[in-house]
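1. here are the coordinates; sequence isn't available:
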């Protein structure tokens with residue numbers, strides 16, 4: 001029979017260490033990278049919006 005470990009301290013310490021490691025390897029993007037990402041996201045949103053609009057028009061014409 002396996003005994004459950006009900007002590008939450010090791011899990012909290014492991015989570016803290018993982019969060020600290022992630023913050024150490026992450027970085028703040030520069031303005032050029034931010035603008036490039038923004039353009040890509042906006043372009044994708046516009047394309048998906050146009051596709052949804054066209055699909056709704058086609059379905060409206062069929063029904």
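-> Looks like it came in fine. Remember, it's a predicted structure, so these values are computed and weren't measured experimentally. Numbering: from 1, shown residues only.
2. use CA for all of it now, contacts and neighbours both
-> OK.
3. Could you list which residues are in contact with the most centrally placed residue in the chain?
-> Per CA atoms, centre = their mean, the C-alpha nearest to the average position across the chain is that of residue 41, at 12.1 Å. With contact set as CA atoms under 8 Å, 6 or more residues apart in numbering, residue 41 has no partners.
4. Go ahead and list the helix or strand containing it.
-> Using DSSP states H and E, residue 41 sits within helix 31-62.
5. what's the answer for residue 13, then?
-> Going by DSSP H and E, residue 13 is in helix 9-25.
6. in that helix, what counts as buried?
-> For helix 9-25, burial by neighbour count (16 or more other CA atoms under 10 Å) applies to no residue.
7. Can you give the contact residues for it?
-> By CA under 8 Å, 6+ apart, helix 9-25 touches no other residue.
8. Run the chain-centre distance for that helix.
-> Centroid separation between helix 9-25 and its chain, computed with CA atoms, centre = their mean, to the nearest Å, is 20 Å.
9. Ok, stretch 22-41 next?
-> Worked out by CA atoms, centre = their mean, stretch 22-41 lies 13 Å from the chain centre.
10. First-to-last residue distance for that stretch?
-> For stretch 22-41, the first-to-last residue distance is 24 Å (CA to CA, to the nearest Å).
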